[in-house]
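Enquirer: A predicted structure for the sequence below; I have some questions about it.
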Amino acid sequence: MATPHPALFLSRVERRYIQGDATLEILRGADLAVWPGEIVALIAPSGTGKSTLLHTAGLLERPDGGEVYVASQPTVALDDGGRTRLRRLEIGFVYQFHHLLADFSAQENVVLPQLIRGLPRREAERRAGELLSFLGLGERLHHRPAELSGGEQQRVAIARAVANAPRVLLADEPTGNLDPKTADHVFSTLIALVRASRLAAVIATHNLDLAARMDRCVTIRDGIIVPLD
Ligand SMILES: Nc1ncnc2c1ncn2[C@@H]1O[C@H](COP(=O)(O)OP(=O)(O)OP(=O)(O)O)[C@@H](O)[C@H]1O
């Protein structure tokens, strides 16, 4: 039997920024393995490197040292085109603000990334319909973002993030812009989706109640990832 691999694996990842004469060592050898179906909460004070970590894991930034494996594939040596292809295929992002296209319906917002990937429209529409229904938006397929509530908009953004069936989901305060009750509901649907799709998810949040419902909580301390006490 094949040995199982984490869907996302950061090994000794380093990231530093030069600011004037100073060098900011943000990640100093960060390790993180996330398995299919696992949800990791990333909880760390502002400025410690949460976004840096998510951008590096999501192949938006290159690490200065170490390796990032996505779906078991090492990514550091890939050229920009290779990184973009792998990102489109295997990584979904959800941000605090939904960034949906205002002139397109909920369904079209979820169809578009699939068309970009080359799927036939009919298949893309079918998957978008299924995903939105799973997230409780089966009656809202043809609404534009402005005709949806904040929680509904964020659920469309989640559907869009996983439209191409990535193996990894990265979220930066996905419910940070919502009231507590709506946040709780959106988060529940997000968890259900991660479990059903066996995604490996890293969710940065300041919300400790939501974090407590994830599989484990980690933080960034002195540039490395450690379990949250
Ligand atoms: N491009 C850059 N150039 C210089 N410094 C940067 C750059 N990007 C981030 N930093 C610095 O690196 C540190 C970590 O930034 P990062 O955005 O990862 O923090 P964060 O933990 O996500 O913070 P927040 O919770 O406030 O979003 C900060 O001190 C920031 O100022």
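Expert: Structure's in. What do you need? Numbers count the residues shown, from 1 in each chain.
Enquirer: Give the buried residues for the lengthiest helix in the chain.
Expert: If you go by DSSP state H, the chain has its longest helix at helix 180-197. Under the neighbour-count criterion of 16 or more other C-beta atoms under 10 Å, helix 180-197 has 182-187, 189-191, 193-194, 197 buried. The C-beta positions use only the backbone N, C-alpha and C, and glycine is treated the same way.
Enquirer: Tell me the residues on the protein that lie near the ligand, please.
Expert: Counting by C-beta under 6 Å from any ligand atom, the residues of the chain close to the ligand are 17, 19, 24, 26, 44, 46-52.
Enquirer: Tell me which two of the residues you listed sit farthest apart.
Expert: 19 and 44 (19.8 Å; C-beta to C-beta).
Enquirer: With neighbour numbers in mind, choose between those two.
Expert: The neighbour count for residue 19 versus residue 44, taken as other C-beta atoms under 10 Å, is higher for residue 44 (18 against 8).
Enquirer: so how far is residue 121 from the more buried one?
Expert: Distance from residue 44 to residue 121, counting by C-beta to C-beta, to the nearest Å: 42 Å.
Enquirer: Can you give me every residue that contacts residue 40?
Expert: Listed by C-beta atoms under 8 Å, 6 or more residues apart in numbering, the contact partners of residue 40 are 32, 34, 201-203, 214-218.
Enquirer: I'd like the distance between it and residue 137.
Expert: Residue 40 is 26 Å from residue 137, where distance means C-beta to C-beta.
Enquirer: Tell me which residues touch the residue most central in space within the chain, please.
Expert: Nearest to the mean C-alpha position of the chain, by C-alpha atoms, centre = their mean, lies residue 170 at 1.6 Å. Residue 170 sits next to 54, 57-58, 91-94, 201-203 when contact means C-beta under 8 Å, 6+ apart.
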